[in-house]
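Undergrad: Sharing a model that was predicted from the sequence below.
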Amino acid sequence: MKPVQLFTDGSALGNPGPGGWCAILRYGDKERTLKGREAHTTNNRMELLAVIEALKVLKEPCEVTLFSDSTYVVRGINEWLAGWRKRNFARVKNPDLWQAYEVCAHPHRVEANWVRGHDGHAENERCDAIARAEAEAVRAR
């Protein structure tokens, strides 16, 4: 499996409100930035959507090292997902996205790591700025 680094962030202005997400995929010296926005959403949805959209573009099974400042995403992947699956996602926020995550994560090995947000982590800062700009662009419409 190819080793891929994935850096993500999400933003919602108002939470809920206009939102944006960003993901940076890195394989060796190659890098790809993805971004998107929604008119009415939450920060947690944008955080998780960034991961999903990035995993969707991988063309083969990869060993993905994810870096996120979202404890919701990191703990969801590392700790809570197995229990949610057993309960068929009953009483879980954003079950549609967690089920989508399961589908696109299935061929990969994903290791989720938490990084402190707004603490000088270069890729997290880039993702934060892009996600916020996407949310601002929705608000400006």
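TA: Perfect, thanks for sending it. Note that the structure is predicted; figures quoted are calculated from it, not measured.

Undergrad: average model confidence for stretch 113-120?
TA: For stretch 113-120, mean pLDDT is 91.

Undergrad: all helices of the chain, in order?
TA: 43-57, 71-75, 81-86, 95-105, 122-140 (DSSP state H).

Undergrad: Dump these into TSV; add mean neighbour count and distance to Cys22 as well.
TA: From N, CA and C alone the C-beta is placed, and that goes for glycine too. Conversion of the helices of the chain to TSV gives the following (neighbours: other Cβ atoms under 10 Å; distance: least, Cβ to Cβ, whole Å):
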stretch	mean neighbour count	distance to Cys22
helix 43-57	23	6
helix 71-75	17	13
helix 81-86	12	23
helix 95-105	16	16
helix 122-140	18	4
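
Undergrad: can you put the ones you listed in CSV and add distance to Trp114?
TA: Formatted as CSV, the helices of the chain follow (distance: least, Cβ to Cβ, whole Å):
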stretch, distance to Trp114
helix 43-57, 12
helix 71-75, 4
helix 81-86, 15
helix 95-105, 17
helix 122-140, 10
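
Undergrad: Thank you, goodbye.
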